[in-house]
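Student: Have a look; sequence and predicted model below, questions after that.
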Amino acid sequence: MQQRHQDRFQYFKELCNTSRDYYVAYVSRYLRLNADTRVLEIGCGEGGNLLPFASLGCEVTGMDIDRGRIEQAKHFFKERGQHGLFFVQDFTSCPVPQAEDERYNLVLIHDVIEHIPSSVKLDFISHIRGFLRSGGIVFFGFPAWQNPFGGHQQISDGFTSKLPFIHLLPSSLYRRLLRFGGATDGQIAELLYIKEAQVTIECFERLAHTAGYSILDRTLWFINPHYKQKFNLKPRRLFSVFCHLPFVRNFLTTSAFYILSIREKA
């Protein structure tokens with residue numbers, strides 16, 4: 001397991017840097033960010049993605065099912081003199097705001113959709129619609145399933161955390177390899193859960209269309225922008241020729257960025 005997964009403050013700082021350098025600029029192409037902008041992050045963890053938006057004056061809210069992460073988010077924001085509203089909540093059971101001024105201009109879902117069970121992915125994505133203000137947008141970011149570490153095996157202990165593509169093995173063989181490599185029972189259970197919840201580019205776009213969204217932008221990354229923080233690698237977009245090759249592009253995309261809006265009725 002990498003040190004950043006144990007040192008949550010380091011992880012928070014790395015997320016802040018990536019969000020400031022890439023996410024803010026990406027969504028700013030479609031939305032003005034100022035004191036009138038309400039931002040919601042679903043699965044916010046320690047709140048690192050939200051801090052740069054708060055620094056721009058946006059009203060930020062984060063929700064997560066992990067109470068410990070929410071407490072850390074409150075602490076980290078307070079240390080930096082920034083205001084943010086954080087609460088423990090399973091988004092799928094979160095009531096839809098009834099008033100327009102209670103909804104959000106921007107909803108962030110980064111590295112979350114690949115953890116949502118396949119059976120409820122469509123319900124999850126559809127539920128977001130009720131949280132968007134008129135003209136609001138959704139930012140999704142996720143690793144394509146077949147990329148070298150699309151199974152998140154790097155979170156495990158032992159040598160298997162450094163092995164690419166092993167998440168593509170049959171589940172029974174994958175389980176045995178993880179156990180042989182030194183992963184704990186809890187880590188194995190989580191990694192097999194992620195394997196079931198896998199999401200490809202094609203799958204995500206079908207879900208978005210079915211849920212009634214328009215795709216305003218898609219940017220596929222060969223070198224994930226967050227790798228600048230993790231490995232000091234320069235982010236690189238996937239070559240255009242590969243972006244248009246279904247299935248193949250999933251092996252080469254370490255992160256897929258999307259901007260969605262609610263599709264207008266014909």
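Tutor: Happy to help now that I have it. Residues are numbered from 1 along each chain as shown.
Student: Start from the N-terminal end of this structure and give the helices.
Tutor: Along the chain, counting by DSSP state H, helices occupy 8-18, 24-28, 51-55, 67-79, 121-128, 171-181, 185-196, 201-210, 227-231, 240-243, 248-252.
Student: and the ones you listed as a markdown table, adding mean neighbour count?
Tutor: In short, each C-beta sits where N, CA and C put it, glycine included. A markdown table is the format used below for those (neighbours: other Cβ atoms under 10 Å):
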| stretch | mean neighbour count |
| --- | --- |
| helix 8-18 | 19 |
| helix 24-28 | 16 |
| helix 51-55 | 20 |
| helix 67-79 | 17 |
| helix 121-128 | 17 |
| helix 171-181 | 15 |
| helix 185-196 | 15 |
| helix 201-210 | 16 |
| helix 227-231 | 15 |
| helix 240-243 | 12 |
| helix 248-252 | 18 |
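Student: Would you tell me which of these gets closest to His110?
Tutor: His110 lies closest, by Cβ to Cβ, to one member of the helices of the chain: helix 8-18, at 8.7 Å.
Student: chain center to that closest one: distance?
Tutor: Distance, stretch centre to chain centre, for helix 8-18: 14 Å (Cα atoms, centre = their mean, to the nearest Å).
Student: helices or strands up against it?
Tutor: For helix 8-18, the helices and strands in contact under the criterion 3 or more Cβ pairs under 8 Å, 6 or more residues apart in numbering; DSSP states H and E are helix 67-79, helix 227-231.
Student: Compute the inter-axis angle for it and helix 67-79.
Tutor: For helix 8-18 and helix 67-79, the angle between their directions (axes from the mean of the first three to the mean of the last three Cα atoms, to 10 degrees) works out to 70 degrees.
Student: Report the rounded mean pLDDT for helix 8-18.
Tutor: Computed over helix 8-18, the mean pLDDT rounds to 92.
Student: likewise stretch 63-81?
Tutor: Looking at stretch 63-81 alone, the average pLDDT works out to 96.
Student: hmm, who's touching that stretch?
Tutor: Contacts with stretch 63-81, where a contact means Cβ atoms under 8 Å, 6 or more residues apart in numbering, come from 8-9, 12, 40-48, 50-51, 54, 62, 83-84, 86-91, 94.
Student: residues touching Ser171, list them.
Tutor: For Ser171, the contacting residues are 192, 195, by Cβ under 8 Å, 6+ apart.
Student: Would you agree Pro225 is in contact with Asp21?
Tutor: Yes: with contact taken as Cβ atoms under 8 Å, Pro225 and Asp21 are classed as touching, separated by 7.1 Å.
Student: Compare these two and say which one has the larger neighbour count.
Tutor: Pro225 (24 against 15; other Cβ atoms under 10 Å).
Student: Quick check: that one vs Val24, distance?
Tutor: 12 Å (Cβ to Cβ, to the nearest Å).
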